[in-house]
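Turn this into a structure:
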Amino acid sequence: MKKIRDFLDPPKILVLGFATLILLGACLLTLPIATHDGNGLVFLDALFTATSATCVTGLVVVDTADTFTTFGEIVILTLIQIGGLGFMTFATFFFFLLGKRISLRERLLLQETLNNVSFAGIVRLVKRVLIFTAIIELTGATILAIRFSFDMPIGKAIYWGIFHAISNFNNAGFDLNGEFRSLTPFVDDPTVVLTVCALITLGGIGFIVMNELYEYHDTRRVSVHTKVVLLMTLILTLGATILIFTFEFGNEKTLEPLSYTGKVLGSLFQAVTPRTAGANTLPIGDLTQSTLFLIIFLMYVGAGPGSTAGGIKITTFAVLSATLWSQIKGKEDVVLFRRRIVMETIFKALTVAAMGMFLVMFITMLLTITEGERHNFIMYLFEATSAFGTVGLSMGLTPELSPIGKVLIIFTMFAGRLGPLTLAYAVSMRRKPNAFHHPKGKIMLG
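Residues are numbered from 1 along each chain as shown. Got it, this is the predicted structure:
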């Protein structure tokens, strides 16, 4: 038992925990009670759906509303909630209810789950995570339910409000509109658009940022991490909104038929959702090439660490941008908000970005082989990046994937949710310090 405990370090436990949750969800979705036709899903499609829900991605091979019964939808919603917050967060919640003490090993797991720099105060943070989540989801569900009640019976409106609030706060992007339409019927509806944008953004900034903002009244300070996350979120959201508005303004299949307000709302939503929610109010397949390329970039970057989102994270992008700027200016130190970034952080940022890029390129190449010449290259690149960033946006390729293609996307969603670095640590041998250092070597660059 001791050897097993030593072998199962936090990264391995996270991988096994998510894999177990996915398999359990897949088995439930194969039950006859889960689908309208009473046959249940074939296992591969059930595995794909369970992975997409647990990894809060939103890519679907079958339409959620048209395929699943209320039981099936609740299974998906449960997987989204547990997968979004992390199964260790929920395990801790039950420990609280049972009055069980949280051990050091469990605190280390929580630290890994929430991507926190230290396990000091981690239990208090988990309690606040649960409270923040309940308040935000309940508020979003109430607003959406009131809006939906104008179009449907109150009971159904409440259910829709709860489903879409949980789905979008956890950056999953599953919806109940049917026919793979996502939220396109509400493209110019300010209540739905602004509420869902708020849910996506709050879910994407990360619980560490939320906690610091909550404590600001007492501490009167925020960390460099929080400043970077908030600033980069603002820059990417506003910048992407302006660019999408410009690129799509004259596109008769997207923004052109809408009112000016509708154009702004459509641009804003499509700027927010690649970070990394997956719902859409504009038809993705009809977007211009320039907009699609911008969305691929946003999906690759993702949102904040310790959040419900994926991607390489905006802090990684910020550190790499600051490093590039320092090199261009000929400065020795990399500085953000008057704080020097240590080399260990820069190396980790380079590793995460490189591993993410290699994974996307590799999966894209394999998709061009397994799916043949039926679609153009950008569809395969878009699908691979969406899966890696746990976004869920698709140009229509997902339902047409071959069995091998589905397996490739399942793996990519899994790797994207856990993070390439965590996955690499989980499958690698235990790291040991170098016994000696080799002589320095010089390589010409540039």
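
dump the residue contacts of Ile314.
Counting by Cβ atoms under 8 Å, 6 or more residues apart in numbering, Ile314 touches 228-229, 232-233, 236, 275, 301-304. Using the backbone N, CA and C atoms, a C-beta is placed for each residue, glycine as well.

go again using 10 Å as the cut-off
204-206, 228-233, 235-236, 275, 298, 301-305, 307 (Cβ atoms under 10 Å, 6 or more residues apart in numbering).

what about it, distance to Gly304?
6 Å (Cβ to Cβ, to the nearest Å).

Which residues are in contact with each of the two?
Shared contacts of Ile314 and Gly304, counting by Cβ under 10 Å, 6+ apart, come down to 204-206, 228-230, 232-233, 275.

Pick out the most distant pair among the residues you listed.
For the shared contacts of Ile314 and Gly304, the maximum inter-member distance is 14.7 Å, found between Val228 and Arg275 (Cβ to Cβ).

So which of those two has more stuff around it?
Using other Cβ atoms under 10 Å, the more surrounded residue of Val228 and Arg275 is Arg275, with 30 against 22.

I'd assumed the more buried one was in a helix, is it?
No - counting by DSSP: H, G, I helix; E, B strand; the rest coil, Arg275 falls outside a helix, being coil.

can you pull the contacts of the nearest residue to it once chain neighbours are set aside?
Leaving aside its sequence neighbours, Arg275 sits nearest to Ala303 (Cβ to Cβ, 6 or more residues apart in numbering; 4.7 Å). Each residue near Ala303 by Cβ under 10 Å, 6+ apart is listed here: 171, 200-201, 203-206, 229, 232-233, 236, 272, 274-277, 309-311, 313-315, 389-390.

Tell me how far Ala303 lies from Val196.
In terms of Cβ to Cβ, Ala303 sits 15 Å off from Val196.

Over to Lys406?
28 Å.

for Thr241, same thing?
15 Å.

In CSV, list the C-alpha atoms belonging to stretch 203-221.
The C-alpha trace of stretch 203-221 is given here as CSV (Å, rounded to 0.1, in the frame of the first residue of the first chain):
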residue,chain,number,x,y,z
GLY,A,203,-15.7,31.3,-14.6
GLY,A,204,-12.7,32.1,-16.7
ILE,A,205,-10.8,34.5,-14.4
GLY,A,206,-10.1,31.9,-11.8
PHE,A,207,-11.0,31.4,-8.2
ILE,A,208,-7.7,32.7,-6.9
VAL,A,209,-8.5,36.1,-8.6
MET,A,210,-12.1,36.0,-7.2
ASN,A,211,-10.7,35.3,-3.7
GLU,A,212,-8.3,38.2,-3.9
LEU,A,213,-11.0,40.6,-5.1
TYR,A,214,-13.2,39.4,-2.2
GLU,A,215,-10.4,40.0,0.3
TYR,A,216,-9.4,43.4,-1.2
HIS,A,217,-11.7,45.2,1.3
ASP,A,218,-9.4,44.0,4.1
THR,A,219,-6.0,43.6,2.4
ARG,A,220,-6.1,46.7,0.1
ARG,A,221,-3.8,44.9,-2.3
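
Report the buried residues of that stretch.
By neighbour count with 16 or more other Cβ atoms under 10 Å, stretch 203-221 contains the buried residues 203-212.

just how off-centre is the helix or strand hosting Ile369 within its chain?
Here Ile369 sits within helix 343-370, counting by DSSP states H and E. Averaged C-alpha coordinates place helix 343-370 at 16 Å from its chain's average position (Cα atoms, centre = their mean, to the nearest Å).

ok, then the element right after it?
Counting by DSSP H and E, what follows helix 343-370 is helix 377-388.

mind checking how far that following helix is from the chain centre?
15 Å.

Now do the buried residues in the helix or strand just after that helix.
As assigned by DSSP H and E, the chain's next helix or strand after helix 377-388 is helix 403-418. Buried residues in helix 403-418, counted by 16+ other Cβ under 10 Å: 405-418.

for stretch 228-240, same thing?
For stretch 228-240, by 16+ other Cβ under 10 Å, it's 228-230, 232-233, 236-237, 240.

Can you name every helix or strand that the one helix or strand Lys12 maps to contacts?
Per DSSP H and E, Lys12 falls inside helix 10-29. Secondary-structure packing of helix 10-29 (3 or more Cβ pairs under 10 Å, 6 or more residues apart in numbering; DSSP states H and E): helix 43-54, helix 70-85, helix 87-98, helix 104-114, helix 403-418, helix 420-427.

try it again with 6 Å
helix 43-54, helix 104-114, helix 420-427 (3 or more Cβ pairs under 6 Å, 6 or more residues apart in numbering; DSSP states H and E).

Give me the contacts around the helix or strand harbouring Ala165.
According to DSSP H and E, Ala165 maps onto helix 154-169. For helix 154-169, contacts defined as Cβ atoms under 6 Å, 6 or more residues apart in numbering pick out 77, 80-81, 136-137, 140-141, 144-145, 148-149, 174, 176, 196, 199-200, 203, 277.

No further queries at this time; thank you.
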